[in-house]
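> Need a 3D model of the following:
(chains A and B)
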Amino acid sequence: MKEYYLGVDVGSVSTNIVIIDENNDVIVKKYIRTKGRPIKAIQSGLKEIKEEIGEIEIKGVGTTGSGRYLSSILIGADIVKNEITAHAVAALNFVPDVKTILEIGGQDSKIIILRDGIVTDFAMNTVCAAGTGSFLDRQAARLGIDIKEFGELALKSNNPIRIAGRCAVFAESDMIHKQQLGHNQEDIINGLCEALVRNYLSNVGKGKEILAPVVFQGGVAANVGIKRAFERALDMEVYVPNHYDVMGAIGSAILAREEVKSKEVSKFKGFEVADTDYKVKGFECNDCANMCEVIQILAEDKVIARWGDKCGKWTNLSDINLQRLA
Amino acid sequence: MKITFPHMGNTYIAVKAMLEDLGLEVIVPPKCSKRTLELGTKYSPESICLPLKINIGNYIESIERGADTILITGSCGPCRFGFYSVIEKEILKDLGYDIDIIVFDPPDGNYKEFINRITKAVNTNNPIKILKSFNRGRIILKEVDRLFQFSNKKRAYAVNSYEVDKIMQKFSEGVLKVKGVIETKKLIKRIFKELEKIEVDNTKRPLKVGIVGEIYTVIEPYVNLDIERKLGHMGVLVDKFLTPSRWVEHNLTLGHLGLSEERKAWKAAKPYIRTLVGGHGRETVGSAIMYAEKGYDGVIQLLPFTCMPEIVAETILKTVAKDYDIPILTLIVDELTGEAGYVTRLEAFVDLLKRRKEERKFERVLSRS
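Residues are numbered from 1 along each chain as shown, chains lettered A, B, ... in the order given. Below you'll find the model as predicted:
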């Protein structure tokens, strides 16, 4: 019988769910827009998978992304890992000798440096998110074009213009300025792609030794304009894996596979999760001046998890494994 | 006279006990909170570094509780901290508070002026009494640092690291209830004993991480989002290069004899940075090197957004990381720092250190066989 592993990556822009088999091959992948409602996104993703391939036995579950704790409680994860580790593991699976990973997601951009298959260094955007997926999304909307066409349009440019890309807000006003001057759309889009890459390399990639092979992944890797801008800036080939948009989920599924090797049963709660009624109730604790917003997750009106408090008073009420989430 | 002072990590414990011994009424500002920061951000210049904003918040919250005199330390170092007392005075004046502010600059040779200010603050000019209580305060400072260091160690080795948090929570509640040096000392002793009882797993081989950077950010847990606790729960043994007692040691006593840890850091930093760049920039570089030489697994640099000396250090640390083959993570905080992103970076860093360590162990085994 075949073995299947589930990986879930709940990010700011998209929620990705994959199922891999014991050879780490992707069986199903779902790319769902989170739209600020992660629980809904996870549930509808699982539902779609269930309808597509029927109920299969899942041997292990891993979660990652900014919503990794929430999703781990919801679906019962065997391992919860941060995005960097998950992305590195996934990239290694596709390009075993990868030395540099460029990853641009909805809100985070990161660079991961690997040597001999081990992460030796990484960096993430620190105080600013200029030039991540959400920013491109917005600009595409402003220009009235579909984000999917964004990259193709950039390739058509033959008169690149320079846009100030350090700060998202200033990039936007600079872009408007260039529009008012009468530059055509392709050139502006290409200018944005180059500004984003320039900003990424000087802000996130600063001081890092970027060696080939370079893998580019994350939602923004769909954008061929950015890919080409990277290739031009780095003067080397940039490789975009087939499943570039769900690499985090694949990584967490692979990690889950390693994790459950020594265990008998998975903590997976089953596909029924899709039909369970989950509610999130927050309240402000007024016991001290911190006034923490405590989040409670309720399944069928029963509290299954709590977090968000600084002092640990509320999280301490739940069991020990959950405390680690605070 | 009701005296108050800004928060800076655990210094309040020693300062409170010392001033209480001198017979003063002390108002400890409420623990730094969202409200402190909101008040501070509202009334401070927008692009000033974070510590000033927190200070202003502390003052206002203390004044609300009846404080009428503020004690501040100054600094001779060429970083914005040197202007803190001046700016803070102006801000409070503009807000219409009628309040006395006494500034302690590190004496830097001029002990007479220093003593003058102390006598003003403590209402006595009996030098023996002052020196005695100063010395007792210093001991408390040291003991508290030792206690927190011990709690960090316990967290890394404990079977259930959250038990440490519960006891330390008891400590910070208890401190506000006791009065003076003797009672505070007793409390510290009791907490030590309670911590000792926590069940530990000595087979654990925790990662060792050194924390360097701007002193306020390193010391004040509210500002660094409780980094010691977070790392401790991830099973990391944390050491801070800068602690209140080390600062006192350097600025008021041993530093002038060239014996303090900071002097050692200057020496270590010399190949990279030979002079003062303001704040603790030089110490940050030096202390990162010292941690590397002591065999630590990684170093984390903390700085408030726009902190110039630390930005200089950050750039140099990249070369240090390469030369000494040690991962260094830089985290910048300000009032807009999101906790989720912060935790992700910490987790990923700890993961990286773990994998590196395993790999090295593997290599050692291979080279032996």
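> Over to A:Ile145. Which of the three states is it?
Here A:Ile145 is recorded as coil under DSSP: H, G, I helix; E, B strand; the rest coil.
> got a list of what it touches?
A:153, A:185, A:189 (C-beta atoms under 8 Å, 6 or more residues apart in numbering or on different chains). Yep, even glycine has a C-beta here, placed from its N, CA and C like the rest.
> Quickly note the distance from the last one to A:Leu143.
Distance of A:Ile189 to A:Leu143, given as C-beta to C-beta, to the nearest Å: 7 Å.
> again, but for the second one
The gap separating A:Gln185 from A:Leu143 is 6 Å, by C-beta to C-beta.
> can you check B:Pro29 too?
The gap separating B:Pro29 from A:Leu143 is 50 Å, by C-beta to C-beta.
> Also B:Glu363?
52 Å.
> what about the two, which has more around it?
A:Leu143 (15 against 10; other C-beta atoms under 10 Å in any protein chain shown).
> Report the contact partners of B:Pro221.
When contacts are counted by C-beta under 8 Å, 6+ apart, B:Pro221 is found next to B:9, B:227-229.
> mind running it again at 7 Å?
Listed by C-beta atoms under 7 Å, 6 or more residues apart in numbering or on different chains, the contact set of B:Pro221 reads B:9, B:228.
> now do A:Gly117
A:92, A:96.
> Please apply the same query to A:Lys30.
Here A:Lys30 is in contact with A:16-17, A:45, A:48-49 (C-beta under 7 Å, 6+ apart).
> Tell me if it really is in a strand.
Yes. The assignment for A:Lys30 is a strand, going by three-state DSSP.
> what's across from it in the sheet?
In this structure, A:Lys30 bridges to A:Ile17 when assessed by DSSP bridges.
> The contacts of A:Lys30, buried ones only, as a ChimeraX selection?
Here is the ChimeraX command that selects the buried residues among the contacts of A:Lys30 (16 or more other C-beta atoms under 10 Å in any protein chain shown):
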select /A:16,17,45,49
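> Other residues contacting the one helix or strand B:Met290 maps to?
Element membership of B:Met290 [criterion: DSSP states H and E] is helix B:281-293. Helix B:281-293 is contacted by residues B:210, B:212-213, B:241, B:262, B:264-266, B:268-269, B:272-273, B:276, B:299, B:301, B:309-310, B:312-313, B:316-317, B:320, B:324, B:326, B:328 when judged by C-beta under 7 Å, 6+ apart.
> Check stretch A:189-209 too.
Defining contact as C-beta under 7 Å, 6+ apart, one finds that stretch A:189-209 is touched by A:109-111, A:113, A:121, A:123-125, A:130-131, A:139, A:150, A:153-154, A:157, A:160-166, A:171, A:175, A:178, A:225-226, A:229-230, A:233, B:318.
> How far off centre is it?
Its chain's C-alpha centre and that of stretch A:189-209 lie 19 Å apart, by C-alpha atoms, centre = their mean, to the nearest Å.
> Would you work out how far apart the start and end of stretch A:80-99 are?
Its first and final residues considered, stretch A:80-99 spans 25 Å by C-alpha to C-alpha, to the nearest Å.
> ok, and for it, which residues are buried?
Across stretch A:80-99, burial judged by 16+ other C-beta under 10 Å covers A:80-94, A:98-99.
> And for B:Ser367, the neighbour number?
Around B:Ser367 there are 7 residues (other C-beta under 10 Å).
> quick one: secondary structure of it?
helix.
> What pLDDT is listed against the most centrally placed residue in chain B?
What sits nearest the mean C-alpha location of chain B, by C-alpha atoms, centre = their mean, is B:Ile219, with 1.8 Å. According to the prediction, B:Ile219 has pLDDT 92.
> Check A:Asn290 too.
68.
> and chain B, which of the buried residues of stretch A:80-99 reach it?
Residues of the buried residues of stretch A:80-99 in contact with chain B (C-beta under 7 Å from any C-beta of the partner chain): A:82-85.
> Could you tell me which of those belong to helices?
A:83-85 (DSSP state H).
> and the residue of the stretch 1-150 of chain B found nearest chain A, what are its phi and psi?
Chain A sits closest to B:Ser33 of the stretch 1-150 of chain B, with a gap of 3.7 Å, by C-beta to the nearest C-beta. The phi/psi pair for B:Ser33 (degrees, to the nearest 10) reads phi -140, psi -180.
> Over to the one 4 residues further on?
Summarising the backbone geometry of B:Leu37 under the convention degrees, to the nearest 10, its torsions are phi -70, psi -40.
> That one: neighbour count?
Number of residues near B:Leu37 (other C-beta under 10 Å) recorded here: 19.
> Let's see the pLDDT reported for B:Gly255.
B:Gly255 is assigned 60 on the pLDDT scale.
> brain fart, B:Leu52
On pLDDT, B:Leu52 comes in at 93.
> so how far is B:Thr217 from it?
For B:Leu52 relative to B:Thr217 (C-beta to C-beta), the value is 12 Å.
> again with A:Phe150
39 Å.
> now B:Glu347
Separation of B:Glu347 from B:Thr217 (C-beta to C-beta) stands at 20 Å.
> try B:Glu199
33 Å.
> With neighbour numbers in mind, choose between the two.
B:Thr217 (25 against 10).
> Helix or strand: which one has B:Leu276?
Counting by DSSP H and E, B:Leu276 is part of no helix or strand.
> That one - how many residues pack around it?
B:Leu276 has 15 nearby residues by other C-beta under 10 Å.
> Residues of the stretch 151-300 of chain B that sit close to chain A?
Proximity of the stretch 151-300 of chain B to chain A (C-beta under 7 Å from any C-beta) is limited to residues B:160, B:162, B:165, B:169, B:233.
> ok, and the closest non-adjacent residue to the last one?
For B:His233, ignoring the flanking residues on the chain, the nearest one in space by C-beta to C-beta, 6 or more residues apart in numbering or on different chains is B:Ser161 at 5.1 Å.
> I figured that neighbour hits B:Met234, correct?
No. Using C-beta atoms under 7 Å as the test, B:Ser161 is too far from B:Met234 to be in contact (9.0 Å).
> okay, the two: which has more neighbours?
Neighbours per residue (other C-beta under 10 Å) separate B:Ser161 from B:Met234, with B:Met234 holding more: 23 against 19.
> residue contacts, that one?
Neighbour list for B:Met234: B:347, B:350 [criterion: C-beta under 7 Å, 6+ apart].
> Please apply the same query to B:Thr217.
Residues near B:Thr217 by C-beta under 7 Å, 6+ apart: B:223-224, B:302-304, B:333.
> still on that earlier bit, which of the residues of the stretch 151-300 of chain B next to chain A count as buried?
B:162, B:165, B:233.
> Mind checking which of those residues land in helices?
Reading helices off these with DSSP H, I get B:162, B:165, B:233.
> State whether A:Phe122 is indeed within a helix.
No. If the criterion is three-state DSSP, then A:Phe122 is strand and not within a helix.
> That one - nearest residue in space that isn't next to it in sequence?
Nearest non-adjacent residue to A:Phe122, counting by C-beta to C-beta, 6+ apart: A:Ile112, 4.7 Å away.
> Three-state assignment for that neighbour, please.
A:Ile112 falls in the strand class when you classify it by three-state DSSP.
> what bridges to it?
A:Ile101, A:Phe122.
> Next one: the closest residue in space to B:Glu20 that isn't next to it in sequence relative to chain A, how far apart?
Counting by C-beta to C-beta, 6+ apart, B:Glu20 lies nearest to B:Gly180, which is 4.7 Å off, once chain neighbours are set aside. Per C-beta to the nearest C-beta, to the nearest Å, B:Gly180 is found 25 Å from chain A.
> got a pLDDT number for B:Gly180?
Confidence at B:Gly180, expressed as pLDDT, is 88.
> Next: B:Glu64.
94.
> same check, this time on the one 10 residues further on
pLDDT recorded at B:Gly74 is 74.
> quick one, what contacts it?
B:82, B:85, B:103-105.
> give me that answer again for 6 Å
B:85, B:103, B:105 (C-beta atoms under 6 Å, 6 or more residues apart in numbering or on different chains).
> ok, and the most crowded of the residues you listed?
B:Ser85 (20 neighbours).
> give me the element that one is part of.
Assigned by DSSP H and E, B:Ser85 falls within helix B:81-94.
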